[in-house]
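K.L.:
sequence unknown, structure follows:
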């Protein structure tokens, strides 16, 4: 038997198999297309405006423009300009992904809430941040996310989270760090130290005390946390091209962050075991609430503890620091707002506020809301469609028709652009005006902490910390004056704050 005789049946099988596979894939594609056309027809879907790409295959020009805008600290205006030119909903590309960008409240509500099960955080964001955050509550989907959320919820539901006495210790350190002689100080730096002190105390039971002992701030460590965040955002903007770009700074930062957190976990596990043997409650040793000890009651898995602790550290420290920095940046340039805030706080007659009294301060709430509106600490978010689905608005020339969203599409929403829409907030949408909140109710046009089942689990903790800190500073200082002539400029990582800090002089009462 010659070799050709042997190859002929094998070749026939290969060719036949190839043809069958091609027919199968074609049949599936046609069936999928028919199902999609049915949805499009039933829902009256029309395509949204298209972002004009020079590279229609991978959108490399858009990626380059976004990276350049981030480098020049103009990404927010860059992206806001896209919405002004192409509409409140438009399609584009991010490497191999189809993307729909939207700032329509009903669309965001659909993605985050009413059609929650149609979307996941998805591979783009998970791949970008996984090296530092792992499968934490910020990145997990499905059952793993439900497990993480359930693991963390009891700790944040605890009344200990709102314990103002622990918070006051660090506020006193913050007050002492502010010059009383009228000399300039960067509150942005002090707020970073302050929230680092609060967060490490809350999480690990021992603060790094960077306000009272500045050298303990460990600049290299805090820089590592920042580099890990900004590196993750850069990886997200690069999309699938990130794997081809060297990132030594990012991975060095990740290693430092992991080493720091792992050391606290190892120490806490040993302490937990010792206290268990002595039949004491490790979560309430000496009456103090410790977040890590509470988690240890639920899991002893070091990887899970590390992932969740880093996620909470990012969310707890950076968002509150950014909120306080952005708020005081505008307060220093608006003395009439500061005075009105003082008038409300003076009703306490010098007493430190209780939690109920903080919640009752309406103008303080207006100021915090306005800072979160104009400078949202988390400026954007995204989800990936896991099945063919529909957005209710944004299609067609008038943007009134629904939009078909094929499975695998990345839907991005930019809160900072949403929060400055003049048709939603009025012609002064770009101005800081707390009074607008006297008649304004929160809705899906205002999303400082996200919305739906995945909204920020630490929202109340952040607002309590920011409220209490602001009140105590208002009680201590009669005036805050800007010592910086530069406009607010973005410092953009996972959170958003003033790139030039908050340079002020404060007058003691």
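P.N.:
It's in. Here the structure is a predicted model, which means the values were calculated and not measured.

K.L.:
if I look at residue 283, what pLDDT would I see?
P.N.:
Per-residue confidence at residue 283 stands at 46 (pLDDT).

K.L.:
can you check residue 213 too?
P.N.:
77.

K.L.:
ranges for the strands of the protein?
P.N.:
49-50, 89-94, 97-102, 119-120, 185-186, 380-385, 389-395, 401-405, 410-414, 477-482, 490-492, 496-498, 503-508 (DSSP state E).

K.L.:
pipe those into JSON lines and attach distance to residue 321 per row.
P.N.:
C-beta coordinates here come from the backbone N, C-alpha and C atoms, glycine included. JSON lines is the format used below for the strands of the chain (distance: least, CB to CB, whole Å):
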{"stretch": "strand 49-50", "distance to residue 321": "37"}
{"stretch": "strand 89-94", "distance to residue 321": "29"}
{"stretch": "strand 97-102", "distance to residue 321": "28"}
{"stretch": "strand 119-120", "distance to residue 321": "29"}
{"stretch": "strand 185-186", "distance to residue 321": "12"}
{"stretch": "strand 380-385", "distance to residue 321": "19"}
{"stretch": "strand 389-395", "distance to residue 321": "34"}
{"stretch": "strand 401-405", "distance to residue 321": "35"}
{"stretch": "strand 410-414", "distance to residue 321": "22"}
{"stretch": "strand 477-482", "distance to residue 321": "17"}
{"stretch": "strand 490-492", "distance to residue 321": "11"}
{"stretch": "strand 496-498", "distance to residue 321": "7"}
{"stretch": "strand 503-508", "distance to residue 321": "16"}
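
K.L.:
got those strands as JSON lines, with distance to residue 179 and mean neighbour count columns?
P.N.:
Below are those laid out as JSON lines (distance: least, CB to CB, whole Å; neighbours: other CB atoms under 10 Å):
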{"stretch": "strand 49-50", "distance to residue 179": "52", "mean neighbour count": "15"}
{"stretch": "strand 89-94", "distance to residue 179": "47", "mean neighbour count": "22"}
{"stretch": "strand 97-102", "distance to residue 179": "45", "mean neighbour count": "22"}
{"stretch": "strand 119-120", "distance to residue 179": "49", "mean neighbour count": "21"}
{"stretch": "strand 185-186", "distance to residue 179": "5", "mean neighbour count": "17"}
{"stretch": "strand 380-385", "distance to residue 179": "36", "mean neighbour count": "22"}
{"stretch": "strand 389-395", "distance to residue 179": "51", "mean neighbour count": "22"}
{"stretch": "strand 401-405", "distance to residue 179": "54", "mean neighbour count": "24"}
{"stretch": "strand 410-414", "distance to residue 179": "38", "mean neighbour count": "23"}
{"stretch": "strand 477-482", "distance to residue 179": "11", "mean neighbour count": "17"}
{"stretch": "strand 490-492", "distance to residue 179": "24", "mean neighbour count": "19"}
{"stretch": "strand 496-498", "distance to residue 179": "19", "mean neighbour count": "25"}
{"stretch": "strand 503-508", "distance to residue 179": "7", "mean neighbour count": "18"}
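
K.L.:
nearest to residue 345, out of the ones you listed?
P.N.:
Smallest distance to residue 345 across these (CB to CB): 11.0 Å, for strand 477-482.

K.L.:
sheet partners, orientation included, of the closest one?
P.N.:
Paired neighbours of strand 477-482 in the sheet (DSSP bridges): strand 503-508 (antiparallel).

K.L.:
looking at the strands of the chain, spot the one closest to residue 336.
P.N.:
Among those, strand 477-482 sits nearest to residue 336 (CB to CB), with 11.7 Å.

K.L.:
contacting residues for residue 310?
P.N.:
Going by CB atoms under 8 Å, 6 or more residues apart in numbering, residue 310 touches 132-134, 136, 257-258, 261.

K.L.:
could you do residue 288 as well?
P.N.:
166, 205.

K.L.:
now with 7 Å?
P.N.:
Shown in contact with residue 288 (CB atoms under 7 Å, 6 or more residues apart in numbering): residue 205.

K.L.:
so how far is residue 207 from it?
P.N.:
Distance of residue 288 to residue 207, given as CB to CB, to the nearest Å: 11 Å.

K.L.:
ok, now residue 303?
P.N.:
The gap separating residue 303 from residue 207 is 25 Å, by CB to CB.

K.L.:
also residue 374?
P.N.:
In terms of CB to CB, residue 374 sits 31 Å off from residue 207.

K.L.:
now do residue 164
P.N.:
On the measure of CB to CB, residue 164 and residue 207 end up 16 Å apart.
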